[in-house]
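> next input, structure requested:
(2 chains)
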Amino acid sequence: MACIEARGLRKAYGTNIALDGINLRVEEGRIVGLIGPNGAGKTTALNAILGLTLYQGELRVLGRDPWTERDRLMREVSFIADVAVLPRWLKVSQALDYLAGVHPRFDRGKAEGFLAKTSITPGRRVRELSKGMVTQLHLALIMAIDARLLVLDEPTLGLDILYRKQFYDSLLNDYYDGNRTIVVATHQVDEIEHVLTDLVFIDRGRIVFNRSMEEVESCYLEVMVHPEKVAAARALKPIQERQGLGRSILLFEGADRQQLAGLGEVRTPSISDLFVAVMGDHVGHAQGATR
Amino acid sequence: MNTQSNTMPESSVQSQATASPDISAARRFYWSVLRELWEIRSIYIAPLAAAAVILAGFLISTIHLAHKMRAALALSPAQQNQAIQQPYTFAEDVLMGTLLIVAVFYCLDALYGERRDRSILFWKSLPVSDLTTVLAKASIPVLILPLVTFVVTVVTQWIMALLSTVVLLGSGLSAATLWNHLPLFQMWLRLFDHLVGFHGLWYAPFYCWMLLVSAWARRVPFLWAALPPLAIGVVEKIAFNTSYFEAILRYRFAGTPDADAMDPTTHLSSVPFLISPGLWIGLVVSAAFLAVAIRLRRYHGPM
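I've put the predicted structure just below:
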């Protein structure tokens, strides 16, 4: 059984189409990065998966229909929207009490253990905590839930770099065990690069790219071309060309590594470069322009 | 993508899902009510503050108490009753007024505030259904606030009686007259009836209407709660020159069309009240409002 299975997922707000027929299958144990520009439909897709919004098309999460079975689904799914959703009046101790009261898979001792590593004390209210500490608190609560699917929507938005790094480090070290599935939507592509097993690009409500990281590594190569070999490199039809450090950097899809090695230094492109290349290509086609 | 899960048969997935200890609906409800008390502390702070004000005023009034009691002795028994009970019934009225104000503000914010501060996303990330949440919120004005008000009133009146006794004994008078004319226990029974029956169950349609509006309005829920009923009344008046709608609301607010709110027929323990169509129609209407509120909470996200 796939963790998430969507077929022809559609959602429109009036005339604005947020999801335009999404097909997505996420197997259990994967860490999927959902990446796209603002307004691409990332949050709408996640909301549909979490049962927060009504959709058209077929969608199963852990075998359930999220819209009609949200409360049952939430026993096995946890979710961090963004940093601002913990109620400001809530005390840390109340959050622990409440979760222990309503959540069958919440381990209070575990949450207290995570909190002990921070400077958050049980008597504090959320409004008294800094933005970074609120995220630490939310993460401690979520990581103490033995969920099968964790959904993160811009979880580190507005945090400084220390907290952002810490966030993904604790997620990988203290939470991810190979069986859980994690779906992350974010703009901050580079910091989740080493975390992901799968990469999904979404644009204008459509999935434009969906590959595992192994496929990305074997399929996409970037070459810093020696100046005298630029013409030869261009003849191999790169999907993107940019300038960096006074050299031309060409990105190839499905090219032969040996052949490219003769043209310059070959490496795996970063997700952000790949994103720009794929999106630029997509936008180009969408606008009917040639590159 | 990887097809790791294909090695895991569906049966093991199922057993994994059911293996976790379950939590009863009653327990989820209990924690949801407690959550409301954590958030809206005015549910108990407002009655306590009102009680403090009442007791402060009463403490000052005890200066004249001995004099008043001597004067009361000259009155007829009925007038004595009235004179002695007056501060106690006034205390009840003040606390009931506080209850009404807190209930109105609570209901109008209950499903609106969580959307405004986006915390609805946190609450919806937990395995608590919209049904449980909305019922827990409805229980605050219908049940919890009347009970809190009852307890606070009882304690307040008891302190007032005790204080009077001490003052009377201190000025060399007997407290017997006071206690003879102050049937506290009967007053409390009647008060309990009135608070739970009238302020809770009879008023339930008002509260549930406000909950519905708070789940729907994108701004100023107070206006959305107040203006449509007003508009219906105005349209009816202009179109038919009648005021049935207003009469319905008036009846609902006051109990019977032309009696005060303390009408004995609106008491929980009285059979006429329990079998009155007015009560049951009100409860059916309340249930309908709540059903809409539950649906709205499902559809509406943060603003």
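
> return the residues in contact with whichever residue of the stretch 101-250 of chain A sits closest to chain B.
In the stretch 101-250 of chain A, the residue found nearest to chain B is A:Gly101; the distance is 3.6 Å by Cβ to the nearest Cβ. Any C-beta I mention is one placed from the backbone N, CA and C, and that applies to glycine too. For A:Gly101, the contacting residues are B:Ile23, B:Arg27, B:Arg28, B:Tyr30, B:Trp31, B:Leu34, by Cβ atoms under 8 Å, 6 or more residues apart in numbering or on different chains.

> how about the residues of the stretch 151-291 of chain A by chain B?
Applying Cβ under 8 Å from any Cβ of the partner chain, one finds that the stretch 151-291 of chain A approaches chain B through A:Thr197, A:Asp198, A:Asn210, A:Ser212.

> try it again at 10 Å.
Taking Cβ under 10 Å from any Cβ of the partner chain as the test, the list of the stretch 151-291 of chain A residues beside chain B reads A:151, A:153, A:178-179, A:181, A:197-198, A:200, A:210-212, A:214-215.

> and the least confident of those residues?
Minimum pLDDT for these is recorded at A:Gly178 (83).

> and the residue nearest the centre of chain A?
Against the mean C-alpha coordinate of chain A, by Cα atoms, centre = their mean, the closest residue is A:Val184 at 2.5 Å.

> what does the stretch 201-303 of chain B put close to chain A?
By the rule Cβ under 10 Å from any Cβ, the part of the stretch 201-303 of chain B lying against chain A is B:Arg298, B:Tyr299, B:His300, B:Gly301, B:Pro302.

> what subset of the residues you listed is buried?
With burial judged by 16 or more other Cβ atoms under 10 Å in any protein chain shown, the buried subset of these is B:Arg298, B:His300, B:Gly301, B:Pro302.

> after the longest helix seen in chain B, next one along is what?
For chain B, the helix with the greatest residue count under DSSP state H is helix B:77-110. Of the helices and strands lying after helix B:77-110 in sequence (DSSP states H and E), the nearest is helix B:113-116.

> mind listing what's buried in that following helix?
B:Gly113, B:Glu114, B:Arg115.

> for B:Met303, see how far away the first one is.
Just to be clear, that refers to B:Gly113. Between B:Gly113 and B:Met303 the distance is 11 Å, computed by Cβ to Cβ, to the nearest Å.

> repeat that for the last one.
As judged by Cβ to Cβ, B:Arg115 and B:Met303 stand 5 Å apart.

> common neighbours of these two, please.
Shared contacts of B:Arg115 and B:Met303, defined by Cβ atoms under 10 Å, 6 or more residues apart in numbering or on different chains, comprise B:Ala217, B:Arg218.

> you'd agree A:Gly123 is up against A:Ser93?
Yes. Proximity of A:Gly123 to A:Ser93 meets the contact threshold set by Cβ atoms under 10 Å, at 6.7 Å.

> okay, these two: which has more neighbours?
More neighbours surround A:Ser93 than the other of A:Gly123 and A:Ser93, with 14 against 9 (other Cβ atoms under 10 Å in any protein chain shown).

> what segments of the stretch 151-291 of chain A are strands?
For the stretch 151-291 of chain A, applying DSSP state E, counting those that start in this stretch gives strands covering A:181-185, A:198-203, A:206-212, A:220-225, A:240-244, A:247-253, A:264-267.

> and the ones you listed, which one's lowest on average pLDDT?
The stretch with the lowest mean pLDDT among the strands of the stretch 151-291 of chain A is strand A:240-244, at a mean of 84.

> tell me the strands beside it, with direction?
For strand A:240-244, sheet partners with direction are given as strand A:247-253 (antiparallel), following DSSP bridges.

> just want the angle from the strand it pairs with to strand A:220-225.
Orientation check (axes from the mean of the first three to the mean of the last three Cα atoms, to 10 degrees): strand A:247-253 against strand A:220-225 gives 160 degrees.

> which residues touch strand A:247-253?
In this structure, residues lying in contact with strand A:247-253 by Cβ under 10 Å, 6+ apart are A:219-227, A:229-230, A:233-234, A:236-243, A:259-260, A:263-267, A:269, A:273-274, A:276-278, A:281.

> ok, stretch B:210-226 next?
Applying Cβ under 10 Å, 6+ apart, the set of residues contacting stretch B:210-226 from outside is B:103-116, B:130, B:134, B:137-138, B:140-141, B:206, B:209, B:227-228, B:230, B:286, B:288-300, B:303.

> the helix or strand containing B:Thr132 packs against which elements?
B:Thr132 belongs to helix B:130-139 when elements are defined using DSSP H and E. Packing partners of helix B:130-139 (3 or more Cβ pairs under 10 Å, 6 or more residues apart in numbering or on different chains; DSSP states H and E): helix A:70-73, helix B:25-39, helix B:77-110, helix B:120-123, helix B:204-216, helix B:277-299.

> the residue nearest to the centre of chain A touches A:Leu149, doesn't it?
No. No contact is recorded between A:Val184 and A:Leu149 when judged using Cβ under 10 Å, the distance being 11.8 Å.

> how about low-confidence regions in chain A?
Low-confidence segments of chain A (pLDDT under 70): A:83, A:281-291.

> got the domain boundaries for it?
Chain A resolves into domains spanning A:4-204, A:215-286 when parsed by automatic domain parsing.

> circling back: the residue nearest to the centre of chain A: what's it in contact with?
Applying Cβ under 10 Å, 6+ apart to A:Val184 gives the contacts A:31-35, A:42, A:46, A:80, A:150-156, A:168, A:171, A:192, A:195-196.

> which of those fall in helices?
Members of these lying in helices (criterion: DSSP H): A:Lys42, A:Leu46, A:Tyr168, A:Ile192.

> list residues touching both of B:Gly113 and B:Met303?
Shared contacts of B:Gly113 and B:Met303, defined by Cβ under 10 Å, 6+ apart, comprise B:Ile120.

> tell me how far B:Gly197 lies from chain A.
The spacing between B:Gly197 and chain A, counted by Cβ to the nearest Cβ, to the nearest Å, is 31 Å.

> so that residue sits against B:Leu279, correct?
Yes. Counting by Cβ under 10 Å, B:Gly197 touches B:Leu279, with 8.2 Å between them.

> quick one: which of these two has more around it?
Between B:Gly197 and B:Leu279, B:Gly197 has the larger neighbour count (other Cβ under 10 Å), namely 22 against 19.

> secondary structure class of that one, three-state.
Reduced to three states with DSSP: H, G, I helix; E, B strand; the rest coil, the structure at B:Gly197 is helix.

> okay, it: pLDDT?
87.

> one more: B:Met210?
pLDDT for B:Met210: 96.

> give me the nearest residue to it, chain neighbours excluded.
Spatially, and ignoring its direct neighbours in sequence, B:Met210 is nearest to B:Cys107 (3.6 Å; Cβ to Cβ, 6 or more residues apart in numbering or on different chains).

> tally of neighbours for the one you found?
Quick note: B:Cys107 (other Cβ under 10 Å) scores 26 neighbours.

> do the same with B:Phe289
Taking other Cβ under 10 Å as the neighbour definition, B:Phe289 ends up with a count of 22.

> list the contacts of it.
The contact partners of B:Phe289, taken as Cβ under 10 Å, 6+ apart, are B:Ala138, B:Ala204, B:Pro205, B:Phe206, B:Tyr207, B:Cys208, B:Trp209, B:Met210, B:Leu211, B:Leu212, B:Val213, B:Ala215.

> got the residues you listed as CSV, with neighbour count and distance to B:Leu184 columns?
Converted to CSV, the contacts of B:Phe289 look like this (neighbours: other Cβ atoms under 10 Å in any protein chain shown; distance: Cβ to Cβ, whole Å):
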residue, neighbour count, distance to B:Leu184
B:Ala138, 22, 32
B:Ala204, 23, 28
B:Pro205, 20, 32
B:Phe206, 23, 30
B:Tyr207, 26, 29
B:Cys208, 27, 33
B:Trp209, 21, 36
B:Met210, 28, 34
B:Leu211, 31, 35
B:Leu212, 26, 39
B:Val213, 24, 39
B:Ala215, 27, 41
